[in-house]
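Peer 1: I would like to see how this sequence folds:
(one chain, ligands or ions: 2)
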Amino acid sequence: MNTLFEQAKPVLETIKQHGHDAYFVGGAVRDYLMEREIHDVDITTSATPDEIEAIFPKTVPIGKEHGTINVVMEDGQYEVTTFRAEGDYDDHRRPNEVYFVRDLYEDVKRRDFTMNAIAMDSDYQLHDYFHGQRDIEQCVIKTVGPATERFEEDALRILRGLRFQAQLGFSIAPETYEAMTQLIDQLAYLSVERIVVELQKLIAGKHVAESYQYMLTLNAFHYMPFFEHFNMDALTVDRPVAFNDFIALLFVQQSPLAALSELKISNKDKQYINRLAEVINQLPEISKKSTLRRFVYDYGKDLILHALGLSDVMEKNNIVTPSPLIINTQSIGETSAQLPISKRQDLAVTGKDLLDHTERKGGPWVKDALYQLENAVINNQVHNSKDLLLEWMDKHVEIQ
Ligand code: ATP
Ligand code: MG
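Peer 2: Numbering: from 1, shown residues only. Ligands and ions are numbered 1, 2, ... in the order given. Model (predicted):
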């Protein structure tokens, strides 16, 4: 018994009451059998998307052309996908056509690995056509059917195999690994979006040390956009790291040899990576209290502490780490707590105040003056109040 499956059970039962088959399948069943925490429950069914929409009062057609409908229940949404078989592949990444079938066997046969091809019905009975349970017991990642064929159909499966290795610590079956070595160059056919999804999970996987070595031995990065520009052999990853941190470390170690836009990640992720790389680059240069104050003000305590948490990875990768005498959790925390202001908006004057006060035209001097005013406040040279700031400016800031 498992609460998530119990919650989702009415979905299976309702489908069955309408004369169709329905099973739990994929990662949830695998994780359940491994006694790992289950995060989302996938349901596979003989009912077509139209039939699912007719059965349930509330649905969302999230991927109807591929057979996926979200069924909205009181306690959450469940992804229900019609049994599918896949047509020919000729670009190594997507089947030319997907067609719906009425047979569970056909559906699980197109799945990537035996451990992901186990179906379970609402009575917790397993339908395991490819010895997935045995492979889970033996901790082996093995393709459903001949590995070369399956990787030729969709090269993403190579990367998925390696990311499951990183997450689960399983070994890769010899035939499956052999096919990986033969077909690794086909990663070049994949879209960067699909690659990034798997890499994010791989790099953060508990057993990444081993998988990362496989990635290097297979020369996998050589066939990926962005990464092809870096010397990945020079980067050591021997513990899980967040994907964005991994990219920032790469930038610091080797400088940004490729644009982040190649990764097609969000602007928020790009900004984070750039800022973290700046922090890591600047950390060792901070030797004075005043620069430390400005640094904590500019980047914030959290990001800097996060960077310090990567010190072990930095050391392994010959990235200069800060002196622990000057920069440590305590000094960062204290500096942050002592800052009279934490962002430009906290400053008691704005650019407009400076213009009004000086009766001058705008120009680069405004930005420069605000910067100096911030510094003065941060270093307790002047109290953060409008009159005092303007007075301080008249005395200390030279306007070009
Ligand atoms: P996770 O726990 O990370 O979600 P998962 O096994 O559920 O792992 P998903 O990407 O959510 O992985 O895919 C759900 C299922 O769909 C898989 O378990 C597998 O059966 C099938 N699948 C996904 N991608 C592929 C693929 N490229 N080729 C064949 N089958 C796939
Ligand atoms: Mg999943």
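Peer 1: residues in contact with residue 253?
Peer 2: Taking CB atoms under 8 Å, 6 or more residues apart in numbering, we find residue 253 in contact with 234-235, 317-319. Where you see a C-beta, it was placed from the backbone N, CA and C, and this is true even at glycine.
Peer 1: how near is it to ligand 1?
Peer 2: Distance from residue 253 to ligand 1, counting by CB to the nearest ligand atom, to the nearest Å: 29 Å.
Peer 1: Could you say which helix or strand holds that residue?
Peer 2: Residue 253 belongs to helix 243-254 when assigned by DSSP states H and E.
Peer 1: so what does the helix or strand that that helix is followed by touch, helix or strand wise?
Peer 2: Downstream of helix 243-254, the next assigned helix or strand under DSSP H and E is helix 267-282. In terms of contacts (3 or more CB pairs under 8 Å, 6 or more residues apart in numbering; DSSP states H and E), helix 267-282 is packed against helix 243-254, helix 289-299, helix 301-308.
Peer 1: tell me the angle helix 267-282 makes with helix 289-299.
Peer 2: Here helix 267-282 runs at an angle of 170 degrees relative to helix 289-299 (axes from the mean of the first three to the mean of the last three CA atoms, to 10 degrees).
Peer 1: and helix 267-282 with helix 301-308, angle?
Peer 2: For helix 267-282 against helix 301-308, the angle by the same axes, to 10 degrees is 60 degrees.
Peer 1: Which member of the contacts of residue 253 is positioned nearest residue 121?
Peer 2: Within the contacts of residue 253, the smallest distance to residue 121 is 45.6 Å, found for residue 235 (CB to CB).
Peer 1: Do me a favour and get the end-to-end distance for stretch 162-178?
Peer 2: The straight-line separation of the ends of stretch 162-178 (CA to CA, to the nearest Å) is 13 Å.
Peer 1: Does that stretch reach ligand 1?
Peer 2: No. Stretch 162-178 stays clear of ligand 1 (CB under 6 Å from any ligand atom), getting no nearer than 7.2 Å.
Peer 1: so what's the residue of the stretch 201-350 of the chain found nearest ligand 1 closest to, chain neighbours aside?
Peer 2: Per CB to the nearest ligand atom, residue 201 is where the stretch 201-350 of the chain lies closest to ligand 1, at 6.1 Å. Distance criterion CB to CB, 6 or more residues apart in numbering; nearest residue to residue 201, sequence neighbours excluded, is residue 163 at 4.7 Å.
Peer 1: Single out the residue in the chain that lies closest to ligand 1.
Peer 2: Nearest residue of the chain to ligand 1: residue 27, at 2.3 Å (CB to the nearest ligand atom).
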